[in-house]
Each structure stands twice: as structure tokens, then as C-alpha cells.
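Structure, please.
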Amino acid sequence: MREKLALYYRLVRLDKPIGILLLLWPTLMALWLAANGPPPLHLLLIFTLGTVLMRSAGCAINDYADRDFDKHVERTAQRVLTSGKIGAREALLVAAVLALLSFALVLPLNALTRKLSVAAVLIAASYPYFKRFFAIPQAYLGIAFGFGIPMAYAAVRGQVPAQAWLLLVGNVFWAVAYDTEYAMVDREDDLKLGLKTSAITFGRFDVAAVMLCYCASLAIDAYVGWLAGLRAAFGAGMVVAAACAVYHYYLIRKRERAACFFAFRHNNWLGAAIFAGVALDYALLFTSKGTI
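This is a model prediction of the structure:
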């Protein structure tokens, strides 16, 4: 049983938490913006745990969908499902259990949040198949990875205002940027397999496309933060995030596999910088109000 649990642990990538963090930062940012400061503790716990569960379920579904392709890709050939260490039905069962646990978390919340959670599950489950026909599946990934944004607003406010959807659009641009860096690692293998990725679609303009997506994402986040009344600390966080994006250009400009993969993983710090700016700005705002 211990060995089996260790295999499940690797199946859902808990040993590689970068995916969880890329989902978590925009979700936390949305919670803080929706609540105009720190959200209620129960919502923070629900959305944090829900992020872990849904990302884990998504990994299991992704490996099930890609099991016949991953064996031909150097980076994924030794995944536990691809290598036959666990069965396909086991992977589906793990995904189903995790998705149900995630849905159970939102049951105490309002009806709108529960409805959005169903949409989130459907989007996450269908994403792996978009690589078969959609030229830029990374855009669909951005919706899947960012669907915690409208859910956060729904949970806090009981509605999803325009700024939530704008933040989701910004998250789509960010996902296209970082997942294109990820796709640049596997481009040669994906071409042989006939898969669709943004790295293939953008071709020789891949680096330029990544940087344009970073610019669009950062501009949208900055605009929403400004509308929310965030200023100095948030601005500092945005400057750090922009510096991260510039650093990523330095890493990916030669399209070397290791450097592109490092740039992808480094997006954790870009997302963390933006959230830290949001949280710190609200903290300073409350502190200043308390001293008046």
C-alpha cells in the first residue's frame, strides 16, 4: 500500500508543486481583491485546498489522456502511468476521487460558486484533448488554471463582476507565456507526434509571442489593481513581476531546453510577486486607517 500511495503521489505531481503554485497565486489575488483585503479564513482554506485537489486531479486526467503519447517523449516516458507502474483505470479513479473531494469543499458555499465549480471540473477534464486539434491549447489551459478567479469573486460577493473576467483574461495571457516556455522544451517530440502547441504554432516568433503575452497579462493585472485603489506596494510587486518577465526573455532567447524549462518554473516568483504586492498594499491600507 505504501508503494502504491507513493506512485499515486507521483501521478498527481505532488512531488512537483509548481503547477499548484501557478494556480494558487491568481486565485489568492482574486480572493484579496474580491474581499478588499484578507478574505474570511474558511474561504482561504477552501480555495487553497481546492487548488491542490483540482490540480492533482488534472494531472491524473492529463496522464490518462496522453498515455499513448508520453511514451514517445523523453521528458515524460518514465511517468508512472506511461511506464505501466499503475493502470489507466487507476488513474481515472484517482482523478474522480480528487475531483469529488474538491467539489465537496464548495458545497457549503453559495449556489453560484457551486455552479462555477462544475464548469471548472469540465474545463480541467477536457483540456488534455485540446492538444489534438486546437492550435494554442495553452489559452484553454489559462482558463482552466484561472477559473478559481471567478469562483473566488462568486464566493466572496455572490456575483462575478467584470474585473473578475478581466483578471481571467490576464491569466490566459500569462498561461500562454509560461506554458509556451514549457512547450518549447518538447517542441521536437510534439512535432513528431502531430500534437498542437503554442510553441509550434508561433514558430520562429515564439519568443516574441511569449513576451507580448507577458506584457498583456501584466498590463491587465496593473489596470485591475489600479481600479481597486492599490498603489505603492502593489506597484512594487508589479515591477518585480516585470523584471521576472525580462529575465525570462534572457533565458529563452536561445531556445535551449534546460533554460526554457527553468523559465517556466521561475513563473512561480512572478505570480508570487504580484500577489505579495496585492496583500501588502491592503495590509498597509488597513494599518494606515487604524492609525488615523
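
okay, CA-based contacts and neighbour counts for the rest of this
Fine.

Quick one: residues contacting K85.
Under the criterion of CA atoms under 8 Å, 6 or more residues apart in numbering, the contact partners of K85 comprise L7.

Ramachandran coordinates for it?
Comment: the main-chain dihedrals of K85 come out as phi -70, psi -30, following degrees, to the nearest 10.

Relative to L5, how far out is it?
In this structure, K85 and L5 are separated by 12 Å, where distance is defined by CA to CA, to the nearest Å.

so where do the strands sit in this structure?
The residue ranges that make up strands in the chain, judged by DSSP state E, are empty, as it has none.

what's the weakest-modelled helix or strand in it?
helix 67-70 (a mean of 78; mean pLDDT, DSSP states H and E).

how much distance is there from that helix to the middle of the chain?
Mean-position distance between helix 67-70 and its chain equals 22 Å (CA atoms, centre = their mean, to the nearest Å).

buried stuff in that helix?
With burial defined by 16 or more other CA atoms under 10 Å, the residues of helix 67-70 counted as buried are 67, 69-70.

which stretches of the chain have low pLDDT?
74, 288-292 (pLDDT under 70).

let's see 50
Of all residues in the chain, those with pLDDT under 50 make up the ranges 292.

My guess is D186 contacts V73. True?
Yes: because the distance of 7.5 Å satisfies CA atoms under 8 Å, D186 is recorded as touching V73.

more neighbours, these two?
Neighbours around D186 and V73, counted as other CA atoms under 10 Å, are more numerous at D186. The numbers are 20 against 16.

And the more buried one, its phi and psi?
phi -100, psi 10.

Might you report the residue contacts of it?
When contacts are taken as CA under 8 Å, 6+ apart, D186 is in contact with 73, 75.

measure it to T197 for me?
Using CA to CA, D186 is found at 9 Å from T197.

where along the stretch 151-292 of the chain do the helices fall?
Taking DSSP state H, counting those that start in this stretch as the test, the helices found in the stretch 151-292 of the chain are 162-185, 187-193, 198-202, 206-227, 232-252, 257-291.

By neighbour count, which bits of the fourth one are buried? Give me those.
Read it as helix 206-227. Neighbour count says helix 206-227 has 206-207, 209-211, 213-218, 220-222, 224-225 buried, by 16+ other CA under 10 Å.

Now that helix - C-alpha only, PDB.
What follows is helix 206-227 as a C-alpha-only set of coordinates in PDB (Å, rounded to 0.1, in the frame of the first residue of the first chain):
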ATOM      1  CA  ASP A 206       7.700  32.100 -30.200                       C
ATOM      2  CA  VAL A 207      10.000  34.300 -28.000                       C
ATOM      3  CA  ALA A 208       8.300  37.500 -29.200                       C
ATOM      4  CA  ALA A 209       4.900  35.900 -28.600                       C
ATOM      5  CA  VAL A 210       5.900  35.000 -25.000                       C
ATOM      6  CA  MET A 211       7.000  38.500 -24.300                       C
ATOM      7  CA  LEU A 212       3.900  40.100 -25.800                       C
ATOM      8  CA  CYS A 213       1.700  37.800 -23.600                       C
ATOM      9  CA  TYR A 214       3.700  38.800 -20.500                       C
ATOM     10  CA  CYS A 215       3.100  42.400 -21.400                       C
ATOM     11  CA  ALA A 216      -0.700  41.900 -21.900                       C
ATOM     12  CA  SER A 217      -1.000  39.900 -18.700                       C
ATOM     13  CA  LEU A 218       0.900  42.400 -16.600                       C
ATOM     14  CA  ALA A 219      -0.900  45.400 -18.100                       C
ATOM     15  CA  ILE A 220      -4.300  43.800 -17.300                       C
ATOM     16  CA  ASP A 221      -3.300  43.000 -13.700                       C
ATOM     17  CA  ALA A 222      -1.900  46.500 -13.200                       C
ATOM     18  CA  TYR A 223      -5.100  48.000 -14.500                       C
ATOM     19  CA  VAL A 224      -7.300  46.000 -12.300                       C
ATOM     20  CA  GLY A 225      -5.100  46.700  -9.300                       C
ATOM     21  CA  TRP A 226      -5.300  50.400 -10.000                       C
ATOM     22  CA  LEU A 227      -9.100  50.300 -10.300                       C
END
